[in-house]
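> Fold the following.
(chains A and B)
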Amino acid sequence: QQQVKQSPQSLIVQKGGISIINCAYENTAFDYFPWYQQFPGKGPALLIAIRPDVSEKKEGRFTISFNKSAKQFSLHIMDSQPGDSATYFCAASLTGGFKTIFGAGTRLFVKA
Amino acid sequence: NAGVMQNPRHLVRRRGQEARLRCSPMKGHSHVYWYRQLPEEGLKFMVYLQKENIIDESGMPKERFSAEFPKEGPSILRIQQVVRGDSAAYFCASSPTGFTGELFFGEGSRLTVL
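As a prediction, this is how the structure comes out:
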């Protein structure tokens, strides 16, 4: 199965709060799990990514938690800011096959 | 600007006309991917091309849609006899030969069919 399921569809968080977005996949052959950030009218841009041999990766306020046995991964945004308001896509890639499947996206709004 | 360049950024067509969307990958990238984003939906894979070769077109509608990436010039996504349901944002991404997983996206071409 090539699907990547993402939730929630939309999220409203107070400034300074934690934003959490979850994704699940089925194909255990995926070997790269990126998160992309998209602002209105722009193309998606890579935010942070993880490989399945690591359970957590942190870059500044952004953290990916990865649970290989459950086939789930999540994005945590600490101290959320209004500038983080965007659509976030999780994805799963088969780097050997040049294939990337995207989740449906989460629209995050951070209230000032 | 060495990023992925897409044009036109906005295109309006009437039903039955043809739409041509162009994509120049990042310098040094030889792999091009096209994705479609419908309003309030995610990115749906359409086609993956290398120079002069279509590698994976499993996401392309069987009719009216075609893509190419010639030896010289940009990749082109062509939609013939457009219908209202083709209205969407079409994104091109590129990657180098040594694909590590990261895709580099253009800013998209937004097609509106009247």
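
> list the contacts for residue 75?
With no chain named, the answer covers chain A. A:Ser19, A:Ile20, A:Ile21, A:Cys23, A:Trp35, A:Leu47, A:Ile48, A:Phe62, A:Thr63, A:Ile64, A:Tyr88, A:Cys90 (C-beta atoms under 8 Å, 6 or more residues apart in numbering or on different chains). Where C-beta positions appear, they are placed from N, C-alpha and C, glycine not excepted.

> Switch to chain B, please.
B:Ser75 sits next to B:Arg22, B:Cys23, B:Ser24, B:Pro25, B:Val32, B:Trp34, B:Leu49, B:Ala67, B:Glu68, B:Phe69, B:Cys92 when contact means C-beta under 8 Å, 6+ apart.

> one more time with 10 Å
Listed by C-beta atoms under 10 Å, 6 or more residues apart in numbering or on different chains, the contact set of B:Ser75 reads B:6, B:21-25, B:32-34, B:47, B:49-51, B:67-69, B:92, B:94.

> distance of it from B:Gly28?
Distance, B:Ser75 to B:Gly28, by C-beta to C-beta, to the nearest Å: 15 Å.

> And for A:Pro40?
A:Pro40 sits 29 Å away from B:Gly28, going by C-beta to C-beta.

> Low-confidence stretches in chain A?
A:1-2 (pLDDT under 70).

> which residues in it form strands?
With DSSP state E as the criterion, chain A has strands at A:4-7, A:10-14, A:19-25, A:33-38, A:45-50, A:56-59, A:62-67, A:72-77, A:86-94, A:99-102, A:106-111.

> Go through whatever helix or strand B:Leu21 lives in and flag the buried ones.
Following DSSP states H and E, one finds B:Leu21 within strand B:19-24. Using 16 or more other C-beta atoms under 10 Å in any protein chain shown as the test for burial, strand B:19-24 gives B:Ala19, B:Leu21, B:Arg22, B:Cys23, B:Ser24.

> Stretch A:78-95 now?
Residues of stretch A:78-95 classed as buried by neighbour count (16+ other C-beta under 10 Å): A:80, A:84-95.

> Likewise for stretch B:20-38?
Neighbour-count burial for stretch B:20-38 flags B:21-26, B:29, B:31-37 (criterion: 16+ other C-beta under 10 Å).
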